[in-house]
Structure formats: structure tokens, C-alpha cells
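A.B. asks: give me coordinates for this.
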Amino acid sequence: MFARVAQARQRERRFTDDAAHELRTPLAAMAIHLIHLLWGFIGPQNARFTDFVPTRQRLQQYLNDRRQGKHDDPDHHNPLGGLMIIALLSSLLLTGLSGWLTTADMFWGVDRLEKLHEAFANLTMTLVVVHISVVSLFSWLGPHNLIRTLWTGYRRG
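C.D. replies: A predicted model of the protein is given here:
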């Protein structure tokens, strides 16, 4: 009898864990994503898409300046940072969308979609690690503490 109770508790715990992953996590991620998208249109100037989405010319100019040792000091994202934001927002959106689709009746149990969702999730985590690493490196080597700027919204010295 105790074995059946333990099995029932284990099934209940697994169901609760699955519900958290299958429902709350994607909904929270999508809500945060929508806030980011909205903020990209109505937020302060340096948070708006028009400020950091790089053109091909701006990106090429930035890379040429970096190769020549020139470092501008903008109060906004550099073109590579803008590309990273686009990559993070896109991969997060694709992770949430593919995860949500795996719960739809039409795609329930479709192995290819589950593998795609896993690939997007892994891409998102990789981009997050790269982003945190580069921001930390630039904060350590550069003239500004970008992490403090992120939290306060102001860049010192």
C-alpha cells in the first residue's frame, strides 16, 4: 500500500513539474517578451528599436573602427550589441512559440517539433551565456561598467 501511495505522489510531483514547464514557463517568457517588444517602441530612446537596430553600413563602420583601434563612446548599444538583442529576442520568441505549439493538439507528440524547440532553447541559452560573457568582458576591459549601466540606466565617467 505504501508503494502505491509513493508512486501516486511521484506521479503527482511529475505532473506538477510538467505543468510548470509546459504552461507557466512559456506563458511567463512570452509575457516578458511582449513587454520587451512594447518597450522597444515606447521606452526611452536608447531602448527603442530605432536606436539599436543596426544598418549594414553602421555595422561595417563599427567593425572597421574597432579594427583600427577607434572606440566611440555612444550612450546606446553598439551595432554588435544591437544584433545580439535581435538574436536574443528572436530566439526567445521561437523557443516560446515552438514550445507552445508542442502543446497544441495538432502537434502533440511531433518529435521533429520537440527537437526544434529544444534546439531553440539551447540556442537561447548559448546566446545568453555569450551575451553575459561579452558584457562582463567589456565592463572589465572597457571604460564603463556596463552591468551598472544596465541596472541604473546611467553611464558614469
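A.B. asks: measure residue 60 to residue 6 for me?
C.D. replies: 63 Å (Cβ to Cβ, to the nearest Å). C-beta here means a position set from N, CA and C on the backbone, and glycine is covered the same way.
A.B. asks: distance check, residue 67 against residue 34.
C.D. replies: For residue 67, the distance to residue 34 - Cβ to Cβ - is 38 Å.
A.B. asks: so which of the two has more stuff around it?
C.D. replies: residue 34 (12 against 8; other Cβ atoms under 10 Å).
A.B. asks: give me the pLDDT for the more buried one.
C.D. replies: In the prediction, the pLDDT value recorded for residue 34 is 82.
A.B. asks: okay, residue 3 and residue 10: tell me how far apart.
C.D. replies: 10 Å.
A.B. asks: host element of residue 9?
C.D. replies: helix 2-19 (DSSP states H and E).
A.B. asks: pLDDT (mean, whole number) over that helix?
C.D. replies: Rounded mean pLDDT across helix 2-19 is 71.
A.B. asks: count the neighbours of the residue lying closest to residue 77 once chain neighbours are set aside for me.
C.D. replies: Spatial nearest neighbour of residue 77, excluding adjacent residues (Cβ to Cβ, 6 or more residues apart in numbering): residue 52 at 3.9 Å. Around residue 52 sit 21 other residues, with neighbours defined as other Cβ under 10 Å.
A.B. asks: report pLDDT for the most centrally placed residue in the chain.
C.D. replies: Taking Cα atoms, centre = their mean as the criterion, residue 88 is the residue nearest the geometric centre of the chain, at 3.8 Å. For residue 88, the model assigns a pLDDT of 91.
A.B. asks: surely it meets residue 124?
C.D. replies: Yes. If you go by Cβ atoms under 8 Å, residue 88 and residue 124 touch, sitting 7.2 Å apart.
A.B. asks: if we can go back for a sec, assess the claim that the residue nearest to residue 77 and residue 76 are in contact.
C.D. replies: Yes. Residue 52 is within contact range of residue 76, at 6.0 Å (criterion: Cβ under 8 Å).
A.B. asks: hey, what's in contact with both of the two?
C.D. replies: Each of residue 46 lies in contact with both residue 52 and residue 76 under the rule Cβ atoms under 8 Å, 6 or more residues apart in numbering.
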